[in-house]
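>>> Take this sequence and fold it.
(one chain, ligands or ions: 1)
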Amino acid sequence: MEQYQSWAGETLDKVRAKMAWVSRKNRDKLPYTTDETGSYDDRSDERICWNPDDGLNWWTNGFWGGIMWLLYRDTGEETYAEIARAAEKKLEKCFTTFSGLHHDVGFMYLPTSVVHYRLTGDAEARRNAMHAANLLAGRFNPAGRFIRAWNESGGKDVRGWAIIDCMLNISLLYWASQESGDPRFRQIAVMHADTALKNFIRADGSVCHIVEFDPETGERIKSHGGQGYGHGSSWTRGQGWAVYGFANSYAHTGQQKYLDAAKRVAHYCIANLREDGIVPVDFRQPPEPAWEDSCGACIIASGLLETARFVPENERELYVRPAVRILKAIAQTRADWSRDCDAIVQNCTAAYHDEKHHFSMVYADYFFIEALYKLYGQENIIW
Ligand code: GLY
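Here you go, the predicted model:
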């Protein structure tokens with residue numbers, strides 16, 4: 001990694017310069033995306049986000065705090081910790097408006113409460129994180145041995161739906177077992193990871209987004225294209241969740257099959273990665289329209305760097321080089337380093353068939369910054 005360290009350091013200087021004013025400008029918000037003036041929105045503003053599912057319970061609301069904790073660890077500046085604590089405080093309210101919370105409590109409370117506790121030993125943060133872990137464990141379906149993803153919405157029966165994204169959420173369960181000494185959390189995480197290993201990863205290393213199981217018998221019914229191009233396609237952000245998630249499960253359990261899975265999906269991503277490092281919304285989408293997802297790109301990059309930590313030294317380059325290709329493409333062609341926009345990473349897409357494409361998403365910035373810190377030599381403290 002040393003040969004990439006100076007580039008990562010220079011790019012992190014730009015991140016620090018930008019986040020110094022972005023953090024202060026948006027200190028009381030929970031941002032998701034930027035508006036036409038380049039300013040961050042605020043998911044905690046109930047006048048705008050009146051629907052609890054899109055407002056305070058919005059699944060990406062942990063990433064703003066996560067960025068702040070990463071910068072606090074790096075710079076030691078108390079302002080970042082203050083902003084992160086304020087973000088976490090807002091998320092506490094979700095526990096009393098429970099109807100909107102789903103399996104993404106991992107994405108919400110790992111980059112806020114868990115990392116807060118890890119860095120400072122704060123007892124309230126630990127309590128919040130344990131509470132979130134109990135909610136996640138409560139979503140486990142014992143017949144199918146999977147964690148239910150979403151709540152009912154729009155009348156759709158999703159009781160038996162599991163999604164690949166959950167592979168990141170289960171780090172909350174690994175943490176809870178380690179912290180409490182109670183093996184049940186880890187047991188649930190492992191059962192879910194085994195189900196995902198068997199049902200989501202295809203022979204060629206590509207991954208489907210959603211698998212539907214019978215919620216009563218646990219039998220697999222079918223897969224769905226989800227946020228990707230369609231059935232049988234390969235949503236790039238989902239490939240990223242898989243690489244990263246299985247690498248995490250290996251880190252927490254030491255079970256070789258999870259590292260093998262992370263490598264298999266990583267090899268598929270690397271084989272499909274374009275020379276210019278730009279990542280489409282789906283590796284199997286048609287050439288036109290050329291929709292991109294810089295967020296998926298950053299997650300794949302961070303997942304590849306995570307996988308690289310666990311392979312023998314002579315294999316590391318295989319994972320680090322494509323991660324750097326992606327990060328350089330973002331930094332040089334898809335990043336806004338100016339004061340025109342609060343977000344750094346541009347050209348993100350939430351789902352292939354959405355009307356809106358190529359906008360900013362706070363978790364793209366989070367995974368971009370996290371990956372740069374990894375390349376710079378810092379440890380993963382969140383997942
Ligand atoms: N977890 C949903 C997404 O990646 O958009």
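
>>> And the strands in the stretch 1-150 of the chain?
Here the stretch 1-150 of the chain has its strands, by DSSP state E, counting those that start in this stretch, at 140-141, 146-147.

>>> And what about residue 231, helix, strand or coil?
Here residue 231 is coil, with the state taken from DSSP: H, G, I helix; E, B strand; the rest coil.

>>> Strands along the stretch 201-350 of the chain, start to end?
Here the stretch 201-350 of the chain has its strands, by DSSP E, counting those that start in this stretch, at 210-213, 220-224.

>>> Reformat these as TSV; add mean neighbour count.
C-betas here are computed from N, CA, C, even on glycine. Converted to TSV, the strands of the stretch 201-350 of the chain look like this (neighbours: other Cβ atoms under 10 Å):
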stretch	mean neighbour count
strand 210-213	22
strand 220-224	15
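
>>> Looking at the strands of the stretch 1-150 of the chain, which one is packed in the most?
With neighbours defined as mean count of other Cβ atoms under 10 Å, the strands of the stretch 1-150 of the chain peak in mean count at strand 146-147, which reaches a mean of 28.

>>> Quick check: which helices or strands does it pack against?
strand 140-141, helix 183-199 (3 or more Cβ pairs under 8 Å, 6 or more residues apart in numbering; DSSP states H and E).

>>> Pass me the low-pLDDT residue ranges in this structure, would you?
For the chain, residues meeting the criterion pLDDT under 70 lie at 50, 52.

>>> interface residues of it facing the ligand?
Within the chain, the positions lying close to the ligand (Cβ under 6 Å from any ligand atom) are 59, 165, 227, 237, 350.

>>> how near is residue 88 to residue 96?
Distance, residue 88 to residue 96, using Cβ to Cβ, to the nearest Å: 15 Å.

>>> nope, residue 229 is what I meant
Noted for residue 229: a distance of 39 Å to residue 96, by Cβ to Cβ.

>>> And these two? Which one has more around it.
A count of neighbours by other Cβ atoms under 10 Å puts residue 229 above the other of residue 229 and residue 96, at 21 against 6.

>>> residues touching the more buried one, list them.
235, 281-282, 284-286, 352-353 (Cβ atoms under 8 Å, 6 or more residues apart in numbering).

>>> From these, keep the buried residues only.
Buried by 16 or more other Cβ atoms under 10 Å: 235, 281-282, 284-285, 352, out of the contacts of residue 229.

>>> Just want the residue of the protein that's nearest the ligand.
Residue nearest to the ligand within the chain (Cβ to the nearest ligand atom): residue 165, separated by 3.8 Å.

>>> burial of that residue, as a residue count?
Neighbour count for residue 165, taken as other Cβ under 10 Å: 25.

>>> Please look at it and residue 106 and confirm they touch.
No: assessed by Cβ atoms under 8 Å, residue 165 is found out of contact with residue 106, at 9.0 Å.

>>> And for stretch 287-299, what's in contact with it?
235-237, 239-241, 244, 277-281, 285, 326-327, 329-330, 334, 345-349, 352, 357-358, 361, 363-364, 367-368, 371.

>>> Just the buried ones among those, please.
235-237, 239-241, 244, 277-281, 285, 326-327, 329-330, 334, 345-349, 352, 357, 361, 363-364, 367-368, 371.

>>> gap between the residue of the chain most remote from its centre and residue 371?
Distance from the C-alpha centroid of the chain peaks at residue 217, with 30.0 Å (Cα atoms, centre = their mean). Per Cβ to Cβ, residue 217 is found 41 Å from residue 371.

>>> Repeat that for residue 303.
The gap separating residue 303 from residue 371 is 9 Å, by Cβ to Cβ.

>>> and if you look at residue 45?
Relative to residue 371, and taking Cβ to Cβ, residue 45 is found at 30 Å.

>>> coming back round to it: who's in contact with the residue farthest from the centre of the chain?
Per Cβ under 8 Å, 6+ apart, neighbours of residue 217: 143-144.

>>> before we move on, back to that, export the helices and strands packed on strand 146-147 as TSV, with columns for distance to residue 75.
Listed next are those as TSV, based on distance: least, Cβ to Cβ, whole Å:
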stretch	distance to residue 75
strand 140-141	39
helix 183-199	33
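
>>> helices or strands up against the longest helix anywhere in the chain?
Ranked by residue count and defined by DSSP state H, the top helix of the chain is helix 2-25. When contacts are defined as 3+ Cβ pairs under 8 Å, 6+ apart, helix 2-25 sits against helix 63-75, helix 78-92, helix 316-333, helix 362-376.

>>> quick one, which of those helices is nearest to residue 36?
helix 362-376 (17.1 Å; Cβ to Cβ).

>>> next one: the closest one to chain centre, how far?
Relative to its chain's centre, helix 362-376 lies at 11 Å (Cα atoms, centre = their mean, to the nearest Å).

>>> Could you report the separation of residue 14 from residue 379?
Distance check for residue 14 against residue 379: by Cβ to Cβ, it reads 22 Å.

>>> so what's residue 186 closest to, chain neighbours aside?
Closest residue to residue 186 apart from its sequence neighbours, by Cβ to Cβ, 6 or more residues apart in numbering: residue 177 at 3.7 Å.

>>> The one you found sits in which helix or strand?
helix 171-180 (DSSP states H and E).

>>> Neighbours of the nearest residue to residue 115 once chain neighbours are set aside, how many?
Counting by Cβ to Cβ, 6+ apart, residue 69 is the residue found nearest to residue 115 once chain neighbours are left out, at 4.7 Å. Neighbours of residue 69 under the rule other Cβ under 10 Å: 26.

>>> likewise residue 143?
13.

>>> could you list every residue that touches it?
Neighbour list for residue 143: 214-218 [criterion: Cβ under 8 Å, 6+ apart].

>>> Of those residues, which is the most crowded?
The most neighbours of any of the contacts of residue 143, using other Cβ under 10 Å, belong to residue 215, which has 18 neighbours.
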